[in-house]
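Colleague: using only what follows, build the 3D model:
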Amino acid sequence: MWMNATNTTSVRGDTEARRRGILDAAAAILDVGGYAALTIRSVAKEAGMSPGLIYQYFVDKRDIFAALLFESQQELTAFIAELPRNQGISALIAAIVPETTKQWARVGHVASVWRTTEDASNSDGQAVQDLRHSTEAQFAELRTALEDAAGAQGLSLREGPSLIPFVWAGLMGLADTIVNNWAQDLDPTEYITYSADGLARAITH
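Modeller: Below you'll find the predicted structure:
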């Protein structure tokens, strides 16, 4: 019994380690060559595995990318959930920026290419299915945080279907600017504060 339990733990650990290795290899490829460079063969080479082994974990390359984005969204959702809400909405948005910038740098900058070129919305892969739920959870947590932070200031959100997409677009624009150093003459902290203030004013009354 002890040997069986040990073997089971070992197999599970090996499985998780291989999956982690695949995702890390994919992230490295995306960073250098973008989504076009991401193939099962390139991931296998980067990870030091056979293509057949990759297929045991993922349906195709879009499934791999979906898993990376899913993982990143889960991390962001957990991060937002832990942020204090009592310092106001501008402070909340500014506090979110480092994590959304991390997400954008890792996978977000090629997400639109993935969705467009792969018609990812029609994929039946488990990773893509999980991603849909993860996206909903991420945006729900963001909305809750914004509501709480606005309430702490005695403000209300300007409700409407465009609210979260507008905030998200602002956060992604900030991430793009920071990662690519488009505003190199500006102090990053001052730029984030200014942008967060602008977003906060735009979505509250």
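Colleague: going by C-alpha atoms from here, please, whenever you check contacts or count neighbours.
Modeller: OK.
Colleague: gap between the lowest-mean-pLDDT helix or strand in the chain and the chain center?
Modeller: Taking mean pLDDT, DSSP states H and E as the measure, the chain has helix 111-118 as its least confident helix or strand, at a mean of 73. Centroid displacement of helix 111-118 relative to its chain, using C-alpha atoms, centre = their mean, to the nearest Å, is 15 Å.
Colleague: what's the answer for stretch 47-60, then?
Modeller: Taking mean C-alpha positions (C-alpha atoms, centre = their mean), stretch 47-60 and its chain are 23 Å apart.
Colleague: look up how far Glu147 lies from Pro165.
Modeller: According to C-alpha to C-alpha, to the nearest Å, Pro165 stands 15 Å off from Glu147.
Colleague: I meant Gln74, not that one.
Modeller: 20 Å.
Colleague: more crowded one of the two?
Modeller: Remark: of Gln74 and Glu147, Glu147 carries more neighbours, 18 against 15, as counted by other C-alpha atoms under 10 Å.
Colleague: got a list of what that one touches?
Modeller: Glu147 makes contact with Ser156, Leu157, according to C-alpha atoms under 8 Å, 6 or more residues apart in numbering.
Colleague: what's the helix or strand for it?
Modeller: Using DSSP states H and E, Glu147 falls within helix 126-152.
Colleague: and the next helix or strand after that helix, what does it pack against?
Modeller: Next in sequence after helix 126-152, counting helices and strands by DSSP H and E, comes helix 163-180. Helices and strands touching helix 163-180, by 3 or more C-alpha pairs under 8 Å, 6 or more residues apart in numbering; DSSP states H and E, are helix 89-106, helix 126-152, helix 188-203.
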